[in-house]
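K.L.:
next come a sequence and a model predicted from it.
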Amino acid sequence: MTTRDDILGRVRARLNRTDANAATGRIAIDTLLVARPQGPRPQVDPEKSALVARLIEKSLAQSSTVDRVATLAEAPAAVAKYLRDNSLPLQAVIWPQMGQLDWLAAGVAVAARGAVDADLVGITGCFCAIAETGTLMLCGAPDAPASVSLLPETHIAIVPASRIVPGMEDGFALARAELGQLPRAINFISGPSRTGDIEQTIVLGAHGPYRVHLILLEGQ
Amino acid sequence: MESRSRQFKANTLAALSNPGLQQNMRQAKGKFVDKRAKSIRELDDFDGTRTAAAAIRNRVLDNLDLWLEKFEASASARGATVLWAKDADEICRHVVDIARRHEVKKTVKSKSMLSEEAGLNLALEAAGIQPVETDLGEYILQINNNEAPSHIIAPVVHKSLDEVADLFEKVHGTPRKTEITALTREAREVLRSHFLTADMGISGGNFLVAETGSVALVTNEGNGRMVTTLPRVHVVITGIEKVIPTLEDLSTLMRLLPRSATGQSISNYVSVLTGTQAAGDLDGPEHLYYILVDNGRADLIGSEFQDMLRCIRCGACMNHCPVYQTIGGHAYGWVYPGPMGAVLTPLYTGLENALDLPHAATLCNQCGVVCPVKIPLPELLRKLREKQVERGLRPQGERRAFKFWARLAASPTLYALAAWFGVRYLKQLAGGRKTITSFSLVPEWMLGRDFPAPEGKTFRELYAERGEKK
Ligand code: SF4
């Protein structure tokens, strides 16, 4: 007998499993997976300006910083300003899907690829953002590699206001609707990486970024 | 991991007489409790969310075989290999086999309690494969001769900054640092080089999503993301009870887990990982394995202890437990400390191997009140005590004492007489003080406990006097 059969066999015996109740059980499972009931959710005003306001408030609470511009075309200049203001190098690894913006004019040298250890700044977009908790939802793809939001010390994310949703459930619903099957990696990111392991004192920049900066595109 | 739960009493005495540990525990305590209390107020319906979470977990446990089949099918369809392990040995065998198959020399690990259950690091080392713990707390323990964690969320809650500073100086051979930020930075640099050179990542799994065949990983440090993004191979080791139906259920549970654990509204990173690297992907593992572990879980299904399998490993029960806060996690002697450990350890390692644990509780129900999935921990502890009695596992002396007490309690006259003597004796023993701090009949019990001194009369006497006055 394989270990699988042994384990499942004991579970079945303990649940008094029969062919008949297995069949009804499977139907119940399939029904549930279609119905997808939700639990109680905290109230989040779904109106656009309220979502923007809440995302900003919660992102700041997560120790992220936020800048606001109108359109995507203005993002490179905002990135350059942030990097200069924080004495960070004007050089970044970037998601290939954001590479075609006019970075040259803004004075930022970008490399569109996955991140390597030496990259100090990583620029990404986001699949959507979650207002409830101030969270970015990133979906991995060939033109949106996960490493860019992970390896560099600074992570800059460009967030269109139209992509802010109230809760995690809405992010998943959007992924189902737009992507069909889930990508290999969905990463929900809420602020810089941190640890509280030594004396429960929070330190930013454990293994991932020390800084997370959101550039909100209010007109998009 | 070998259980040291049999030595619970000795472990406890050592913990009580360790001033450093007592100091560290006192420091940590308030932080977790206060932050949790604040963060649950962000939810409009915290209790309703707990009820929903308990229902999600019950739904799966009541049909666990079917949900496991569902998860297995979904995960396999996305290119993962699903393996099963009955016990610690089989976990280790699987992991070593996988490592050999893919010619792995080094593996980076994100926190996995199952890996602790299995004693996996020792097995990997014996097979010539280097395991590197990457959670800061777990890393500190590993470089301190594979010390055991003392908390499921904060593994080094028992250590002070000074102890960590000494350890880093000794092991890294760098000048001693006294700032927590500097120590964290040093660990980051050491571990970064391991992330970049490891061939395999090992993680636990906070939840397995049946609908999509995904594993959800929750971390703050980002190490969970590192070990599942960079190496060629990823191995997930989880208990069979970790399945949940849908991503909506994950959303509900994620409102409770971080708040209950650390008092955060959300952990920094929640990763939902599904399958292997797709065509064109620039990162992610080429091979993904799930090891679904029994190690005592299957036999709890359908039993009076099934409720325990709802546990989402948040640690709130230990953060709020007066016993845990006094003795620390190591005293419990196995992987899981606090109230949840006091239930799980005897169930997973044998009643007779952890006789004292179900008694290491005041049954004050703080744990039951805070548990995000409403596990009736005190009730389960009481059931375990009953089981011990049924199986004749309690010591002779205790059994005799209870028999004696039963006889006494059954006779009103005898009981009144004994109580009359008892309170007067104890009053005298207190010698005018409000509490009794030592009592030669039970010297060990009095260590770390004070007993309120009686005023000199029994309840019955006082009651009778009151009647006369009326
Ligand atoms: S028993 Fe409840 S409170 Fe304790 S760790 Fe498990 S889920 Fe958390």
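P.N.:
Alright, I've got the coordinates.
K.L.:
from here on, contacts and neighbour counts on C-alpha atoms
P.N.:
OK.
K.L.:
ramachandran coordinates for A:Ala157?
P.N.:
phi -120, psi 130 (degrees, to the nearest 10).
K.L.:
so, low pLDDT: which residues of chain A?
P.N.:
In the predicted model of chain A, no residue satisfies pLDDT under 70.
K.L.:
outline the domain layout of it.
P.N.:
A:1-36, A:41-217 (automatic domain parsing).
K.L.:
to the ligand, which of the ones you listed lies closest?
P.N.:
Checking the domains of chain A against the ligand by Cα to the nearest ligand atom gives domain A:41-217 as the closest, at 17.6 Å.
K.L.:
check what pLDDT the residue nearest to B:Ala430 when sequence neighbours are not counted gets.
P.N.:
Once flanking residues are discounted, B:Ala430 sits nearest to B:Ile436: 5.2 Å by Cα to Cα, 6 or more residues apart in numbering or on different chains. Looking at B:Ile436, its pLDDT is 86.
K.L.:
for chain A, see how far away B:Ile436 is.
P.N.:
Distance of B:Ile436 to chain A, computed by Cα to the nearest Cα, to the nearest Å: 34 Å.
K.L.:
out of the domains of chain A, nearest to B:Lys106?
P.N.:
Checking these against B:Lys106 by Cα to Cα gives domain A:41-217 as the closest, at 18.4 Å.
K.L.:
ok now that closest one, how far from the chain's centre?
P.N.:
Distance of domain A:41-217 from the chain centroid (Cα atoms, centre = their mean, to the nearest Å) equals 7 Å.
K.L.:
cool, and stretch B:53-70?
P.N.:
In terms of Cα atoms, centre = their mean, the gap separating the centre of stretch B:53-70 from the centre of its chain is 22 Å.
K.L.:
stretch B:337-346 now?
P.N.:
7 Å.
K.L.:
tell me, how many residues neighbour residue 168?
P.N.:
The chain I'm using is chain A. Using other Cα atoms under 10 Å in any protein chain shown, A:Met168 is surrounded by 26 other residues.
K.L.:
meant chain B, my bad for not saying
P.N.:
20.
K.L.:
now A:Val121
P.N.:
By other Cα under 10 Å, 26 other residues sit near A:Val121.
K.L.:
now do A:Gly99
P.N.:
A:Gly99, neighbours per other Cα under 10 Å, totals 17.
K.L.:
residues in contact with it?
P.N.:
For A:Gly99, the contact set (Cα atoms under 8 Å, 6 or more residues apart in numbering or on different chains) comprises A:Val110, A:Ala111, A:Ala112.
K.L.:
ok, now how distant is it from A:Ala111?
P.N.:
In this structure, A:Gly99 and A:Ala111 are 8 Å apart, going by Cα to Cα, to the nearest Å.
K.L.:
and chain B, is the helix or strand A:Asp6 falls within touching that?
P.N.:
Taking DSSP states H and E as the definition, A:Asp6 sits inside helix A:3-14. Yes. Applying Cα under 8 Å from any Cα of the partner chain, one finds helix A:3-14 touching chain B at A:Thr3, A:Arg4, A:Ile7, A:Leu8, A:Arg10, A:Val11, A:Arg12, A:Arg14.
K.L.:
need the nearest residue in space to the last one, chain neighbours excluded.
P.N.:
The reference is to A:Arg14. Per Cα to Cα, 6+ apart, closest to A:Arg14 is B:Gly302, 5.5 Å.
K.L.:
understood, closing this out.
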